[in-house]
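Asker: Give me a model of this one.
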Amino acid sequence: MKPFLLCCILAFAAVCNGQDQNKLIIRFQNDSHELTSAWCDSITHFIGASDANAQFEIYAFASESGDSTYNNHLSYRREMAAMKYLSSLNLDTSQIRHSHLGENYPICLEHTSKCKAMNRRVELRRHFITTTIEPEVIKDEVLITKPKNSPNPKKVNSNPPVTKEVVQQNGIRIKYVEGRTPREFIDALGDGKGNAFGLIETITQQSEQNMQTITEDGTLLSSLCIICPPPCKSCLFDTTYVVYVPIHNPNHCDLSQVKFYNEVVQAGARRWKESKNKINAEYIDGVQYIVVELNTASECINFDYEIKPPCFEIENVVVEFPQTESIDLTSVCPKYNAVWPVKVIDQHKIEMPVATKAKKTAYLKGKGVYENRDFKITALRLKKLRYSKKKNTYIVSRHKMKKYRE
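Answerer: Below you'll find the model as predicted:
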């Protein structure tokens, strides 16, 4: 069948089924993210029938079959398959809003194979930018027509809320609604040059801020980045604001697995508690962003992966010190951009988590007391220590310890 005829049939079927003509629903086989040639033809026709003012959005979904984590992965792959095909049509994909939503928002709620097939989908949505000609005289207020037997009409503001955007020098973008956002917060943002939202991306910055990449219940994390809003103690938000955070993803892990954490203080360090806020990933002008809506500006927030296979592999190694009076160390893992607490076995042995394939890049830092004198370690690297195969332990010599004493 010729592609043009096929597209006409599909378009006619959509009309008969009452499908929104500005939305194309693309179906998938079970456990697949592959676009068939027929669906590619449908997408091409849908895009080709749009004028120059059209903008597009992509939302990808999965059925309830399988566990939710896998379904989130699957919807992400469907999202990327659609984005890749749109790119092949010479569309500027940096201008396309896209997201994957796993098994959320099913369009059919029955637990049948037919319903599951309906929920395995990508929705390609189209909307148009329209330009209106304003009258020469614009009044700030309009009157609602007074119906019979009703009280006096109310005056309503005819001006819609205005959304403004501040782009900081560190790349963070903040969108807020003027008139609904506290003035103190807006003044703190300024024109973006002051980087009101601080961006923490490195393990050195984390250490300087006494941050550990671990949750309050002991789950190890790998940090993509941390943002800290400007102090706004008296701010009461009646609405949300949106933050776009530029990210680097050196381990190339699936962004659908990124979680959002709020700051907590535990064991004398700044750690993290998982938030229920939803986050999305977007490309803007070729830059990858994590996007989150917030309604407060009181604490730092962290975007992290949980340390677990297949993207992250760790193991624990033992490091033996000469007898110390006290020891307080953290394990620094450059590969996973993480600062983790260590487990103190006794006064001269600790157990530290390290990346399995990058053990020699890991190092210890911290302080303690050795031979009645304080010591401070800034970077005690495993590759500099003797390894005992018999003990399966890295050994810190007395000579090295004396060098760290203050």
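Asker: Could I get the pLDDT score of residue 285?
Answerer: On pLDDT, residue 285 comes in at 78.
Asker: Report the contact partners of it.
Answerer: residue 94 (CB atoms under 8 Å, 6 or more residues apart in numbering). (Each C-beta comes from the backbone N, C-alpha and C, glycine too.)
Asker: If we use 10 Å, what do you get?
Answerer: 92, 94, 95 (CB atoms under 10 Å, 6 or more residues apart in numbering).
Asker: now do residue 256
Answerer: 69, 71-77, 79, 99-102, 279-281.
Asker: quick one: pLDDT of residue 35?
Answerer: pLDDT, residue 35: 94.
Asker: distance of it from residue 349?
Answerer: Relative to residue 349, residue 35 is positioned 56 Å away (CB to CB, to the nearest Å).
Asker: try residue 87
Answerer: Taking CB to CB, one finds residue 87 at 54 Å from residue 349.
Asker: next one: residue 223
Answerer: 28 Å.
Asker: Over to residue 269?
Answerer: Distance from residue 269 to residue 349, by CB to CB: 22 Å.
Asker: With residue 194 instead?
Answerer: Taken as CB to CB, the span from residue 194 to residue 349 is 47 Å.
Asker: higher neighbour count, those two?
Answerer: residue 349 (16 against 12; other CB atoms under 10 Å).
Asker: Now for the nearest residue to that one once chain neighbours are set aside, how many residues are close by?
Answerer: Of all residues not flanking residue 349 in the chain, residue 320 sits nearest, at 5.3 Å (CB to CB, 6 or more residues apart in numbering). Other residues lying near residue 320 total 17 when counted by other CB under 10 Å.
Asker: so where's the protein uncertain?
Answerer: 1-20, 128-160, 233-236, 406 (pLDDT under 70).
Asker: how about the longest helix along the chain: buried residues?
Answerer: Secondary structure assigned by DSSP state H gives helix 68-88 as the longest helix of the chain. Residues 71-83, 85-86 are the ones in helix 68-88 that count as buried (16 or more other CB atoms under 10 Å).
Asker: cool, stretch 225-242 as well?
Answerer: Buried residues in stretch 225-242 (16+ other CB under 10 Å): 225, 226, 227, 228, 229, 230, 232, 235, 237, 240, 241, 242.
Asker: and which of the residues you listed is nearest to residue 373?
Answerer: residue 226 (34.6 Å; CB to CB).
Asker: looking at this, the closest one is in a strand?
Answerer: Yes - secondary structure of residue 226 (DSSP: H, G, I helix; E, B strand; the rest coil): part of a strand.
Asker: That one: what's it in contact with?
Answerer: Applying CB under 10 Å, 6+ apart, the residues contacting residue 226 are 198-201, 205-206, 209, 211, 213, 245, 261, 263, 270, 272, 300-304.
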